[in-house]
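here's a sequence, model it:
(chains A and B)
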Amino acid sequence: MTPRTLISLTFAGLIVAVVAVAGWLAWSIGADGVPQQAVREMTLLYGSGAALAVIALLGGAWAALDRRLAAPLRMLARDIETAACVDAKHEVAPAESDHLTELTTAVAAMMHELADARRRAADTVAEASRRAESEKGQLETILRDLHEGVIVCNLNHQILLYNRRALELLHMTGEMGLGRSLFTVMNRQPFLHAVEILTDRLGGGQPAEPGDDRMADATQPFMATTADGRTTFEGRMCLIPDADGKATGYVITFEDNSRRLAALGRRDHLLSEATEGLRQRVSSLAAAAETLEAFPAMAAGKRQAFEKVVFDEARHLSQRLDALAAEYRELVTGSWPTADVYSANILNGVVRRLRDDKGIPVVMTGLPCWLHGDSYTLVELLDHLIERVREETGAGEFDIEAVPGDNRVYLDIIWKGSVIPAGELAAWLGATLTGAWGALTAREVLEHHKTELWSQAHREGYARLRLPLPAAVEAAPEGSRRRLPSRPEFYDFDLLRYQKYSGALGRRSLKSLSFVIFDTETTGLKPSEGDEIVALAGVRVINSRILTGESFSHLVHPGRDIPEKSRRFHGITNEMVAGKPSIREVLPAFKRFVGNSVLVAHNAAFDMKFLKLKEAAAGVVFDNPVLDTLLLSAYLHDHQTMHTLEAIAKRFGVEIQARHTALGDSLVTAAVFLRMIEVLEARGIATLDQALAAANSMTVFRARQAEF
Amino acid sequence: MIKSVLVVEDEPNIILSLEFLVKEAGYKVRVARDGEEALRAVAEDRPDVILLDVMIPKRDGYDVCQTIRANPAWKDLRIIMLTARGRAAEREKGLALGADDYITKPFSTRELTLRLKQILG
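Numbering: from 1, shown residues only, chains lettered A, B, ... in the order given. A predicted model of the protein is given here:
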């Protein structure tokens, strides 16, 4: 109900009341019988006159109120509405009534301010647009003059920006079509792959050293063809992150390398001809010459045959050499685009692609490491090989693992079943890889990586395909914190001594158990005196395989400052844990990850102490059996004084890739533990109970030693 | 008993030298010119050593090597791979598939006879 209606109703009510009172008075005078006629008439006359006067007065007051207050207020409201919504410059009509002058003045002043504010905002917007326009102009100038094609896309691969060179390279005239999909002009797979690799790096989905600069280098080389397959491009992609570090789109820079690639192909062929191709000839020549020299008494007929070989081969060699040299002079080339790649990035790509596109379950296992190659064609190759193995052997599940070797890294595909015959494998390599740029065969991918591929027996009942690749060119970065000493051994062996023995579980063989190998990073070495966990990580080991893809890794807010000393040790700073969950939230998640698995840690007493102290607060209990690689190492090599993780890893030949990160240490410990199981078995320690007993015998020994 | 050597090679000029050298070293020698012929020769009369070139017609040297190793009856057979390809990965592939030794061409004839003698004891 508007105030105006309310006022009208009030006045109407009052008038009705006056009429009612007057009517009642008139009736009671008539009914009660005022004796004198004259008095009665007088009373009625004056009474109705007074009533009429009151009604008139009320009517007049209502009219005045409505005209002077309600109507102007409504006008004012309309004016404000107009000014606010339509036109800030709209003036407020001066009030007809004196009572509202103050209000109209105030409103007018406010509306003036509003108009001003709007003008200022409009000016700022205009200025910003001008600046943006000029910056866009500058950017366009820069982009136009770039020799490389540049295209900016959002994560839906819609084109947001491109330069003229991009049009030229793509042989396009006119518009490329902003907002249209990049894949209308370019071949899809290489871009999906590059985005995947880069987001994987950005999100840290896989264990890698946080301080590793190669991870921070967020560009990814790629090769792609136009959608019609006519031209091949080589380029780099980098993601465009928003303020939170999430990718919002990407920039690609690229150049036409069709000619260069053709030249590269010719050069490779030439080089191979000049080196490998000449071996055969040189070999025949050398053998014949050496034989002639070593057997001077050879029969004349035989001797002639040898001499002919020497002559023929020598002539052939010189002719071939001339031809090669002539061809070589016409070639100017670079090299195939290869880079240092983290094996987990490649293997993740394979796992995802086979799982999502083809429904083939593939598990990544083992310790990831750095290698050198072209990740895209390698993913294509592995994808192709796994599919062929499945067709050939009927194997349904695969493991893929990177195994570091002497100056190389083996990518192994492992399945249950038989070995692929070499002849069969050679036939596969001729197949063209479907998603690859150009028409690249598996054999060519091997050639580009200067490698070979073979199939051999793996462990009992299993076979593998082994693909050796060069190790990374850059050595793993050596941060200063890496050289810091390990934390000291920590003695609170009661935690290990009184652990629950589980009957059936205890009798099971170590090889059949499910383990979670874990590690913590902390603010310091004294949990009882307020030191807290800053990182907690674990990795699952089942059937002697490290399930790299199934890992747990969380930074934890310690609720206190991280001292400089431990910051230098593990590299985790206060900024890095800002906004991270507390241990009360992380520990239940870790418990879910662990389930009933056997826990394994190096110097487990230390990590278990931290977990135990937080159990009550987090509302979980870790009553899993716990094995300690430090104690097991002491049991196996008690003559050795060094039982640090580094020392044990070295003893077992485990290459250390990323130490002093919780996940890095968990992975190393896992690799060490797997080798330990073999040695323990050889020493007659096959079950969990036996392993616990062996470790326990060491707790007594180590504790006694610690007393001195 | 005279030990026997099977030379598997398709290049006549090198066969000439290999045949001569092996004979001079005091062994019996036979020659096969492709992978299938090699396997037939092994099945007919098992030699003590095979000098096996990798790049041969029909079935390549790796294939022949792996096939021989798959047969337990031939496990005493020594295999020396000869190849004109010198990459580390190829050498490793040969050894992984069961070769006992791996010689890259061009090779010294003296070294070849030395390795033959070593491997035959």
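
how far away from the center of its chain is stretch A:185-205?
Stretch A:185-205 has its C-alpha centroid displaced from the chain centroid by 11 Å (C-alpha atoms, centre = their mean, to the nearest Å).

brain fart, stretch A:232-249
Centroid displacement of stretch A:232-249 relative to its chain, using C-alpha atoms, centre = their mean, is 13 Å.

buried stuff in it?
Of the residues in stretch A:232-249, those buried by neighbour count under the rule 16 or more other C-beta atoms under 10 Å in any protein chain shown are A:Thr232, A:Phe233, A:Glu234, A:Gly235, A:Arg236, A:Met237, A:Cys238, A:Leu239, A:Ala247, A:Gly249. C-beta here means a position set from N, CA and C on the backbone, and glycine is covered the same way.

okay, those in CSV with secondary structure and pLDDT next?
Converted to CSV, those look like this (DSSP: H, G, I helix; E, B strand; the rest coil; pLDDT from 0 to 100):
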residue, secondary structure, pLDDT
A:Thr232, strand, 74
A:Phe233, strand, 79
A:Glu234, strand, 80
A:Gly235, strand, 85
A:Arg236, strand, 87
A:Met237, strand, 90
A:Cys238, strand, 87
A:Leu239, strand, 85
A:Ala247, strand, 80
A:Gly249, strand, 86
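
the helix ranked longest in chain B near chain A at all?
Taking DSSP state H as the assignment, the helix of chain B that covers the most residues is helix B:12-24. Yes: legend: contact between helix B:12-24 and chain A by C-beta under 8 Å from any C-beta of the partner chain is shown at B:Asn13, B:Ile14, B:Leu16, B:Ser17, B:Leu18, B:Phe20, B:Leu21, B:Glu24.

a markdown table for those residues, including pLDDT?
Putting these into a markdown table (pLDDT from 0 to 100) gives the following:
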| residue | pLDDT |
| --- | --- |
| B:Asn13 | 86 |
| B:Ile14 | 88 |
| B:Leu16 | 90 |
| B:Ser17 | 88 |
| B:Leu18 | 91 |
| B:Phe20 | 91 |
| B:Leu21 | 90 |
| B:Glu24 | 89 |
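
those, buried ones only, as a ChimeraX selection?
In ChimeraX, selecting the buried portion of the residues of helix B:12-24 next to chain A, with burial taken from 16+ other C-beta under 10 Å, looks like this:
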select /B:13,14,16,17,18,20,21
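
helices or strands up against the host helix or strand of A:Leu411?
The secondary structure element spanning A:Leu411 is strand A:408-416 (assigned by DSSP states H and E). Strand A:408-416 sits against helix A:343-358, strand A:370-373, helix A:375-393, strand A:398-405, strand A:462-470, with contacts defined as 3 or more C-beta pairs under 8 Å, 6 or more residues apart in numbering or on different chains; DSSP states H and E.

give me that answer again for 7 Å
If contacts are counted by 3 or more C-beta pairs under 7 Å, 6 or more residues apart in numbering or on different chains; DSSP states H and E, strand A:408-416 sits against helix A:375-393, strand A:398-405, strand A:462-470.

next, see if the second one gets close to chain B.
Think strand A:398-405. No: against chain B, strand A:398-405 shows no contacts by C-beta under 7 Å from any C-beta of the partner chain, the least distance being 8.8 Å.

how far is that strand from where the chain is centred?
22 Å.

kindly report the same for the last one.
Strand A:462-470 has its average C-alpha position 27 Å from the chain's average C-alpha position, going by C-alpha atoms, centre = their mean.

now it: mean pLDDT?
For strand A:462-470, the mean pLDDT works out to 93.

count of residues packed around residue 106?
Went with chain A since none was named. For A:Ala106, the count of nearby residues is 11 (other C-beta atoms under 10 Å in any protein chain shown).

meant chain B actually
Every residue meeting other C-beta under 10 Å relative to B:Pro106 is counted, giving 19.

what about the strands in chain B?
The residue ranges that make up the strands of chain B, judged by DSSP state E, are B:4-8, B:28-32, B:49-53, B:78-83, B:101-104.

hmm, who's touching the last one?
Think strand B:101-104. The list of residues contacting strand B:101-104 from outside it, by C-beta atoms under 7 Å, 6 or more residues apart in numbering or on different chains, reads B:Ile80, B:Met81, B:Leu82, B:Thr83, B:Gly86, B:Arg91, B:Gly94, B:Leu95, B:Leu112, B:Arg115, B:Ile119.

and it, how far from the chain's centre?
With C-alpha atoms, centre = their mean, you get 9 Å for strand B:101-104.

cool, and the fourth one?
On the basis of C-alpha atoms, centre = their mean, strand B:78-83 is displaced by 4 Å from the centre of the chain it belongs to.

then stretch A:686-701?
Computed by C-alpha atoms, centre = their mean, the chain-centroid distance of stretch A:686-701 equals 40 Å.

could you give the mean pLDDT of that stretch?
This predicted structure assigns stretch A:686-701 an average pLDDT of 81.

could you do stretch A:407-420 as well?
Model confidence over stretch A:407-420 averages 92 on the pLDDT scale.
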